[in-house]
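Peer 1: predicted model and sequence below, questions to follow.
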Amino acid sequence: MRHVFPCGTPALDFVGTLHARRAPTPIERIGTPGLLDSWFVESGLLDRKPGSDQADLRAATALREAIYALVGARLAGRSLPSGAVAAVN
């Protein structure tokens with residue numbers, strides 16, 4: 001089953017891998033290395049699964065949350081959080 005990535009840009013689609021994040025129990029769409037691999041392929045970033053491991057998954061979710069923090073700050077007109085900027089850069 002293919003996931004739908006409706007935002008149209010890989011960074012925003014990646015942020016959307018934590019669905020309903022404000023709900024009491026958000027839905028994690030990349031909760032395992034295998035799901036992360038599937039996201040890479042389904043998003044069109046890679047042609048085949050890269051073979052992610054737990055360290056890759058931790059890095060990916062940290063990057064996702066940094067992107068989320070940056071988008072939120074920009075939308076709210078706040079200064080960009082330096083830790084999130086460093087993580088993305």
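Peer 2: Looks like it arrived, so ask away.
Peer 1: can you list contacts of the lengthiest helix in the chain?
Peer 2: Determined from DSSP state H, the single longest helix within the chain is helix 54-76. Residues from elsewhere that reach helix 54-76 (C-beta atoms under 8 Å, 6 or more residues apart in numbering): 11-12, 14-15, 17-18, 21, 30-33, 36, 50, 52, 78-81, 83-85, 87-88. Backbone N, C-alpha and C define where each C-beta goes, glycine included.
Peer 1: tell me which of these fall in strands.
Peer 2: Residues of these located in strands (DSSP state E): residue 18.
Peer 1: so what's the residue count around residue 75?
Peer 2: 8 (other C-beta atoms under 10 Å).
Peer 1: typed the wrong thing, it's residue 66
Peer 2: 19.
Peer 1: again, but for residue 39
Peer 2: 22.
Peer 1: hmm, residue 18 and it touching each other?
Peer 2: No: Residue 39 lies out of contact with residue 18 (C-beta atoms under 8 Å); the separation is 11.6 Å.
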